[in-house]
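Participant: show me the folded form of this:
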Amino acid sequence: MAEREISDEEYLYQIRMKDEPAYAGLVKRYQTYLKPMVISLMKSNACSTAEDALQMAMVGVMKAVETYRDDRETAFCTYASRLAEREVRTYLRHERSFSVFVSYRSYSLDQKPFPSAD
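Facilitator: Predicted structure coming up:
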């Protein structure tokens, strides 16, 4: 007999009851689910790695676990994916602006700051 799949709501309940295997199960599910979204967002940003962006997506999922409310008419999957996407976009925007800043301000550590007066 096949094992039934645990729903997101059941995972949430178990996580809120401090069940670590449920936490690992939810992370595994959403890593698989969010990977295509992360890859599509990465196409526009070559300075970051997909692993870093996926990690940020998982930060969004963990924020969703903490802030999701059952009384709203939004499925956890929808809520979590929106927070994950927002985290990845913020991360990529920060990476893009930082790489531009660094490229304008790159200095060699071997270069003397001022020409010598010899």
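Participant: per-residue pLDDT, residue 51?
Facilitator: Looking at residue 51, its pLDDT stands at 82.
Participant: could you measure from it over to residue 4?
Facilitator: Distance of residue 51 to residue 4, given as CB to CB, to the nearest Å: 31 Å. To be clear about C-beta, it is placed using only N, CA and C from the backbone, and glycine gets the same treatment.
Participant: next: residue 84.
Facilitator: Going from residue 84 to residue 4 by CB to CB gives 25 Å.
Participant: comparing these two, which residue is more hemmed in?
Facilitator: More neighbours surround residue 84 than the other of residue 84 and residue 4, with 26 against 7 (other CB atoms under 10 Å).
Participant: quick one: which helix or strand includes that one?
Facilitator: Element membership of residue 84 [criterion: DSSP states H and E] is helix 76-104.
Participant: that helix packs against which elements?
Facilitator: On a contact count with 3 or more CB pairs under 8 Å, 6 or more residues apart in numbering; DSSP states H and E, helix 76-104 meets helix 8-16, helix 20-42, helix 50-67.
Participant: give the buried residues for it.
Facilitator: Of all the residues in helix 76-104, those buried under the rule 16 or more other CB atoms under 10 Å are 76, 79, 80, 81, 83, 84, 85, 87, 88, 91, 92, 95.
Participant: let me have these in TSV, extended by distance to residue 64.
Facilitator: Output for the buried residues of helix 76-104, formatted as TSV (distance: CB to CB, whole Å):
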residue	distance to residue 64
76	7
79	5
80	4
81	8
83	5
84	7
85	11
87	10
88	13
91	16
92	19
95	22
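Participant: might you list the low-confidence residue ranges for this structure?
Facilitator: Within the chain, the segments meeting pLDDT under 70 span 1-3, 44-48, 97-118.
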